[in-house]
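*Asks:* starting from these lines, generate the structure:
(one chain, ligands or ions: 3)
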Amino acid sequence: MTTRLAVIPGDGIGPEVVREALPLLEWARGRGRDLTWDIYPWSATHFLATGEILPEDAFIELRDHTDGILFGAIGDPRVPDGRHAEGLLLRLRRDLELIVNERPCRPILDAHLPLKGVGAADLEIDVFRENTEGPYCLKGTTEPDRATDLAEHTEAAVRRLLEAAFARAADRGCPLTLAHKANVLKHGHGLWMRIFQELKAAFPGVPARGLHADALLCALVQDPRPFGVIAADNYLGDLISDLLAAFQGGMGVAPSLSWAPHHPFRCAALAEPVHGSAPDLAGNGLANPTGMCLSTALLFRHLGWTAEADGVVSAVAKALQQGAATADLGGGLGTRDMGAAIRAQLPD
Ligand code: NAD
Ligand code: IPM
Ligand code: MN
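*Replies:* Ligands and ions are numbered 1, 2, ... in the order given. As a prediction, this is how the structure comes out:
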């Protein structure tokens, strides 16, 4: 069956970096993959012009008739309450049940690491961030003299996230660390701890421990080498993944894939870089497309296209090793030339 993808460039630098990922789809097709894609306009600009965020029929089309989504970035100062981000990206994560947000940290060049004595080859960390709940349930109140944000955690989502994290650690033969604040968040993170303890018994081969998230951040900066898989709730996982972006060269490099381990719908994956819409860079052709290209590789891997995934990762590595770099990496290339430098290294 033909693989159908949906491409949503979104806001700010999103369209600029997605433009460099589309040739990777063409390359995969040229290698014989039966692949088509449609490009959708959902974004702040579209919302401001039409009032539409993600129409219901479009959501159903994505859910039931595509195999994955490539997403650029969302967020625009012209929509300060971020309602289109909630109705588009957060809705897709939640309503497609993309519970796992996998954010790998695989630095490529030693020079990209800001830590003394730690080399790129020393780090192989996978963040498994719960992607649909916690404070992202978006339930809260603003009153004249107080404000609340509810953080909701369900047994079903936490179990799915932790099962996937344990399975990855078992597969890699590496340790698993759960980031939590169960010392304060007794209810929500109490539930995380209970399920974590149960799964620890079910995966006796995985060295697994919980760490208070504050102490974990300190340990990660002092020496990230002992870490393998890090599981975290939505909020802590968001913070940890940006710290790990700094170990890969910065926001422009870090990739992510949101996926549904239980595959409830035809569309069970959304690839997006960790970075946002970078309004400070947008429109200048300076954004680094590397995170977007590596996210596309994660989507290829999810589709079972291992050779294509490996091909993109090795092309990025070769381009960086040969000195291709955008300004955030200390180089002089713009987005288009960086994309071309990566493409030039793709295998046949
Ligand atoms: P950001 O990731 O957009 O930018 C943070 C810093 O990283 C900026 O200095 C930016 O210039 C730099 N940066 C980001 N991507 C880069 C790239 N590809 N190449 C080079 N430099 C890059 O985060 P922010 O400034 O906190 O947020 C801006 C907007 O993006 C907000 O509306 C926010 O909500 C949104 N956001 C969206 C996503 C997403 O779509 N998944 C992720 C994060 C933030
Ligand atoms: C990310 C972003 C999003 C998040 C924002 C844009 C809602 O920071 O993908 O990491 O907090 O999940
Ligand atoms: Mn984030």
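
*Asks:* so the nearest residue to residue 13 once chain neighbours are set aside: helix, strand or coil?
*Replies:* By the measure of Cβ to Cβ, 6 or more residues apart in numbering, the closest residue to residue 13 outside its immediate chain neighbours is residue 287, 3.8 Å from it. Bear in mind the C-beta positions are built from the backbone N, C-alpha and C, glycine included. Assigned with DSSP: H, G, I helix; E, B strand; the rest coil, residue 287 falls in the coil class.

*Asks:* so what's the spatially most central residue of the chain bridging to?
*Replies:* When the chain is reduced to its mean C-alpha position, the closest residue under Cα atoms, centre = their mean turns out to be residue 256, at 2.4 Å. Beta bridges link residue 256 to residue 272, judged by DSSP bridges.

*Asks:* wait, it sits on residue 297?
*Replies:* No: Residue 256 is beyond contact range of residue 297, at 11.4 Å (criterion: Cβ atoms under 8 Å).

*Asks:* any idea how the chain splits into domains?
*Replies:* 1-104+253-348, 124-246 (automatic domain parsing).

*Asks:* and residue 114, which of those is closest to it?
*Replies:* domain 124-246 (6.2 Å; Cβ to Cβ).

*Asks:* is that closest one anywhere near ligand 1?
*Replies:* No: contact of domain 124-246 with ligand 1 (Cβ under 6 Å from any ligand atom) is absent, the minimum separation being 7.9 Å.

*Asks:* now that domain: average pLDDT?
*Replies:* Across domain 124-246, pLDDT averages out at 98.

*Asks:* straight-line length of that domain, end to end?
*Replies:* 14 Å (Cα to Cα, to the nearest Å).

*Asks:* can you show me the strands along the protein?
*Replies:* 3-10, 35-39, 68-73, 100-105, 125-130, 134-142, 147-152, 176-180, 208-212, 229-232, 255-259, 269-273 (DSSP state E).

*Asks:* just the buried residues of the shortest one, please?
*Replies:* Residues 229, 230, 231, 232 are the ones in strand 229-232 that count as buried (16 or more other Cβ atoms under 10 Å).

*Asks:* hmm, who's touching it?
*Replies:* 125-130, 161-162, 165, 168-169, 172, 174-180, 196, 213, 216, 237, 240 (Cβ atoms under 8 Å, 6 or more residues apart in numbering).

*Asks:* are any of those residues buried, and which?
*Replies:* So, by 16+ other Cβ under 10 Å, the buried ones in these are 125-130, 161-162, 165, 168-169, 174, 176-180, 196, 213, 216, 237, 240.

*Asks:* quick one, what contacts the single nearest residue of the stretch 1-150 of the chain relative to ligand 1?
*Replies:* Residue nearest to ligand 1 within the stretch 1-150 of the chain: residue 75 (2.0 Å; Cβ to the nearest ligand atom). Contacts for residue 75 (Cβ under 8 Å, 6+ apart) come out as 11, 12, 44, 82, 85, 276, 277, 279.

*Asks:* quick one, phi/psi of it?
*Replies:* Dihedral angles of residue 75 (phi, psi; degrees, to the nearest 10) stand at phi 130, psi 130.

*Asks:* what parts of the stretch 151-300 of the chain come near ligand 2?
*Replies:* Residues of the stretch 151-300 of the chain that fall close to ligand 2, judged by Cβ under 6 Å from any ligand atom: 238, 274, 276.

*Asks:* backbone torsions only: list them for the last one.
*Replies:* Backbone torsions for residue 276, taken as degrees, to the nearest 10, come to phi -100, psi -150.

*Asks:* I'd say it and residue 72 touch.
*Replies:* No: if you go by Cβ under 8 Å, residue 276 and residue 72 don't touch, sitting 9.9 Å apart.

*Asks:* ok and the residue in the stretch 151-300 of the chain nearest ligand 1?
*Replies:* For the stretch 151-300 of the chain, Cβ to the nearest ligand atom, closest residue to ligand 1: residue 276, 2.2 Å.

*Asks:* list the contacts of the closest residue to ligand 2 within the chain.
*Replies:* When distances are taken as Cβ to the nearest ligand atom, the chain reaches nearest to ligand 2 at residue 238, 4.6 Å away. For residue 238, the contact set (Cβ under 8 Å, 6+ apart) comprises residue 129.

*Asks:* gap between it and residue 46?
*Replies:* As judged by Cβ to Cβ, to the nearest Å, residue 238 and residue 46 stand 25 Å apart.

*Asks:* residue 7 now?
*Replies:* 14 Å.

*Asks:* before we move on, what about residue 339?
*Replies:* 24 Å.

*Asks:* more crowded one of the two?
*Replies:* residue 339 (27 against 18; other Cβ atoms under 10 Å).

*Asks:* does the more buried one touch residue 20 like I think?
*Replies:* Yes: at 3.0 Å, residue 339 counts as touching residue 20 under the criterion of Cβ under 8 Å.

*Asks:* overlap in contacts, those two.
*Replies:* Counting by Cβ under 8 Å, 6+ apart, the residues touching both residue 339 and residue 20 are 289, 293.

*Asks:* who's in contact with the nearest residue to residue 29 once chain neighbours are set aside?
*Replies:* Distance criterion Cβ to Cβ, 6+ apart; nearest residue to residue 29, sequence neighbours excluded, is residue 35 at 4.8 Å. When contacts are counted by Cβ under 8 Å, 6+ apart, residue 35 touches 2, 3, 4, 5, 25, 28, 29.
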